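Enquirer: Build me a structure from this.
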Amino acid sequence: MLRETCAVLGAVLLFAPVQPPHVDAVTFAQAFRAGNAEQYKNKQVSGTGVSFHGAIKERIADGSTRTSLVMTLGTAAADGKLTLLKTWDEFVAAEKAKSTLVVALSGPNLPEPPATGPTTYQFSGVYDGQVRTIMRAPQAGPSDATESSPCPNEKPVTDAAAGSSFYCAPLLTGATASATDRGKH
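Expert: Model prediction:
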């Protein structure tokens, strides 16, 4: 009887769908910033963030484009404390201080943010080691030596963006996102 029970439980576990381990987006983004993101490779990352960057059109392999999003999780202080950003002015101040904590999302059905202002989203995606070059808000001021080029293995900055400030963000693929508010900031 015990063997039969163990055999049934083993079969159930063997055929149960395997879900990738879940990671909180803030924990993941802080590890990425510290250079320790490899431990989260191929894991599901989920969280809540605000879309201050708006919709970004990304070109995919077949030559078509789709919406990509950048989720701002907050601003990270030197002591590691995270402060949520709710307004455009708070976002620009964090961009000037180069303290924004973000993740980029790429997926086939990401929503187009409204033009009425920042929108909060719940999101999820898998980190497979890819990165995305993010341009800081133009109001953040000119670039410095540490933020004037794209992420490693990405194309060089075009002349149109010369003088802009850039930084690397982790890219979550197969991402989904749903708005929890619409421009209430």
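Enquirer: neighbours around the nearest residue to residue 25 once chain neighbours are set aside, how many?
Expert: Take residue 25 and drop its neighbours on the chain: the residue closest to it by Cβ to Cβ, 6 or more residues apart in numbering is residue 47, 2.6 Å away. (Glycine included, C-beta is placed from N, CA and C.) Counted with other Cβ atoms under 10 Å, residues neighbouring residue 47 total 20.
Enquirer: and residue 47, how far is that from residue 69?
Expert: To residue 69, residue 47 is 13 Å away according to Cβ to Cβ, to the nearest Å.
Enquirer: which residues are common contacts for those two?
Expert: residue 123 (Cβ atoms under 8 Å, 6 or more residues apart in numbering).
Enquirer: how about the longest strand along the chain: buried residues?
Expert: Across the chain, the longest stretch assigned as strand under DSSP state E is strand 119-135. Of the residues in strand 119-135, 119-121, 123-127, 131-135 count as buried by neighbour count, 16 or more other Cβ atoms under 10 Å.
Enquirer: What pLDDT does the model give residue 60?
Expert: On the pLDDT scale, residue 60 is placed at 78.
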